[in-house]
Every structure is written in structure tokens, then in C-alpha cells.
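K.L.:
here's my sequence, what's the structure:
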Amino acid sequence: MDNSQKLRIGAMQTRIQDQFGQDILNILSGQAMFNEFYDHQLMGKGDYAPFNEAMCSNDTTSAIFSDEFNRLRASGHRVPLEEYMKITVTPLQSLFEKKFKCIAVWFGDDMFCQINLLTLLAYLEQARYDGKVYFHMVNELTYDVEETEIKLGGYQEIYQQVLIQHRLPEANLLPAMYQGIRLYLEYIKEENEITAFMKKHSDEPRDELLQRLFKRFPHYGLGDTQYIKLMEAL
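P.N.:
Numbering: from 1, shown residues only. Coordinates of the predicted model:
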């Protein structure tokens with residue numbers, strides 16, 4: 001992140017802070033982005049929290065962040081419930097416990113981030129959040145940012161259609177989210193372009209194959225955990 005990106009992000013934050021003061025929750029795309037904002041002194045007024053989930057992987061439930069949801073997600077990630085609560089739920093306590101006039105979301109445009117964004121928007125509807133929502137689409141390599149105001153409405157239904165029923169919704173969506181959903185529905189197939197690539201290069205050492213996958217499929221936004229799980233299933 002260079003000074004021009006820092007200044008642009010800072011200007012976006014200042015505009016929001018001038019309107020809402022301290023009543024802002026910034027939700028960042030995972031611990032890495034949270035650390036990046038902290039290291040570059042980009043944490044202004046309001047609260048900051050990382051969204052430490054990978055909603056594109058494993059099963060989910062209709063009631064987001066319910067007890068059933070937390071148990072199922074922990075099982076899918078192959079971690080004890082206590083660890084899931086510590087890593088994913090506890091950092092979001094301000095989202096669950098406080099009332100904010102504005103929620104500023106800082107996520108990428110890849111499939112991984114867009115499915116997380118869909119889940120978060122569906123949760124806000126579930127919680128009957130009635131404040132402003134701004135989506136800052138971050139290029140996580142360059143930290144260029146595009147800001148869009150999001151009007152809540154219909155995201156719970158889209159969440160159901162995509163993550164529970166595994167089908168393409170008919171609703172009008174942000175282009176990045178539509179593309180993310182299309183990639184997600186490809187990704188969850190037993191045979192897809194990623195597994196085909198893995199089979200083609202199955203004789204390579206795992207670390208080398210992982211590097212190939214990161215370069216070949218950046219639009220999926222997957223990490224080594226998701227790729228390794230796919231390898232193990234082949």
C-alpha cells in the first residue's frame with residue numbers, strides 16, 4: 001500500500017466520519033486486512049473488526065451466527081467450537097452488541113470475499129439493521145478502492161438461494177457479487193476447473209501446485225486451506 005492508496009482510503013473514511021462520527025463499524029476482510037489497516041494507521045473513528053470466515057466452503061444454516069450456525073461452521077472447518085468462537089465470533093462482538101448508524105465493509109472483489117459479503121448483508125437484514133451500509137471494494141494487491149452505498153433488501157433470500165439451495169438468484173446484483181456467485185456455484189461442483197487443473201498437475205509437490213493455483217485462479221480468492229481440502233478430496 002503506497003501513500004496514494006492510504007490517502008484515498010483516509011479520504012473515504014473522513015467523509016463517513018464527518019457524517020456519522022463515532023457511530024461507525026468498519027468490517028474488514030479477515031485478519032490480514034485488519035492488520036494492514038492497523039500497521040498503516042488507517043483506523044480512524046469508530047470500531048474495527050475482521051470478518052474471519054470462508055463462507056464459500058462447507059455447509060451453513062439459514063439463521064446466521066446462531067448456535068446451530070456456529071456449531072456447523074466449526075465442524076466444517078474442522079476446529080473445536082471454542083476455537084471457532086475465538087477466531088470468528090468474538091472479533092465481531094461489536095456487530096452483535098452495539099447499534100451503529102453506519103457499517104463500512106472493506107472486502108475484495110473475488111469469489112471468497114463476495115460470498116462473505118453476501119452472508120454479512122443477509123445477517124444485517126436478519127438483525128433488522130436500519131443504518132447506512134457502504135461497501136468498499138478493495139483490490140487486495142494494490143489497495144485501490146471503489147465505494148458503493150448498498151441498500152439492504154432481498155439479501156436474506158439471495159443467501160438462501162445461493163448458500164442453501166445452491167442456485168443462481170434472479171435478483172439484480174452488484175457485478176462483483178454476481179460474478180462471485182457464479183464462481184461459487186462452479187467451485188462447489190464435485191468436478192470443476194480447479195479440480196481439473198489439480199489432476200493435470202497431480203505429480204507436482206504440493207507447495208509448487210499451491211503456487212500455481214494462486215496464480216491461475218486469483219479471481220476465486222481461495223487460500224491454501226481451501227485448496228488443500230480440495231486436493232484431499234480427489
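K.L.:
helices of this structure, residue ranges please.
P.N.:
Here the chain has its helices, by DSSP state H, at 3-20, 30-39, 67-76, 81-84, 93-97, 111-126, 155-159, 175-187, 193-200, 206-216, 224-233.
K.L.:
got TSV for those helices, with mean neighbour count and mean pLDDT too?
P.N.:
Just so you know, the C-beta spots here come from the backbone N, C-alpha and C atoms, and that holds for glycine as well. What follows is the helices of the chain, written out as TSV (neighbours: other C-beta atoms under 10 Å; pLDDT from 0 to 100):
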stretch	mean neighbour count	mean pLDDT
helix 3-20	15	88
helix 30-39	16	90
helix 67-76	16	97
helix 81-84	14	98
helix 93-97	13	96
helix 111-126	23	98
helix 155-159	20	97
helix 175-187	19	97
helix 193-200	14	96
helix 206-216	14	95
helix 224-233	14	91
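K.L.:
mind checking these for the one nearest to residue 143?
P.N.:
Closest approach to residue 143 among the helices of the chain (C-beta to C-beta): helix 3-20, 4.1 Å.
K.L.:
counting contacts, what elements does the closest one pack onto?
P.N.:
Judged by 3 or more C-beta pairs under 8 Å, 6 or more residues apart in numbering; DSSP states H and E, helix 3-20 is in contact with strand 24-28, strand 102-107, strand 132-138, strand 145-149.
K.L.:
and the first one, what does it pack onto?
P.N.:
When you say that, I think you mean strand 24-28. Contact here means 3+ C-beta pairs under 8 Å, 6+ apart; on that basis strand 24-28 packs against helix 3-20, helix 30-39, strand 47-50, helix 93-97, strand 102-107.
K.L.:
out of the ones you listed, which is closest to residue 153?
P.N.:
Using C-beta to C-beta, the nearest of these to residue 153 is strand 102-107, at 15.1 Å.
K.L.:
quick one: strands adjacent to the closest one?
P.N.:
Strand partners for strand 102-107, identified by DSSP bridges, are recorded as strand 24-28 (parallel), strand 132-138 (parallel).
K.L.:
so which of the ones you listed is the most surrounded?
P.N.:
A comparison of the strands paired with strand 102-107 by mean neighbour count, using mean count of other C-beta atoms under 10 Å, puts strand 24-28 on top with a mean of 24.
K.L.:
between that one and helix 30-39, how big is the angle?
P.N.:
120 degrees (axes from the mean of the first three to the mean of the last three C-alpha atoms, to 10 degrees).
K.L.:
restricting to C-alpha, output strand 24-28 in PDB.
P.N.:
The C-alpha trace of strand 24-28 is given here as PDB (Å, rounded to 0.1, in the frame of the first residue of the first chain):
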ATOM      1  CA  ILE A  24     -19.300   3.500  12.600                       C
ATOM      2  CA  LEU A  25     -18.400  -0.100  12.400                       C
ATOM      3  CA  ASN A  26     -15.700  -1.000   9.800                       C
ATOM      4  CA  ILE A  27     -15.700  -4.700   8.900                       C
ATOM      5  CA  LEU A  28     -12.500  -5.800   7.200                       C
END
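K.L.:
which residues sit against that strand?
P.N.:
13, 16-17, 34, 37, 43, 45-51, 92, 94-95, 98, 100-106, 120 (C-beta atoms under 8 Å, 6 or more residues apart in numbering).
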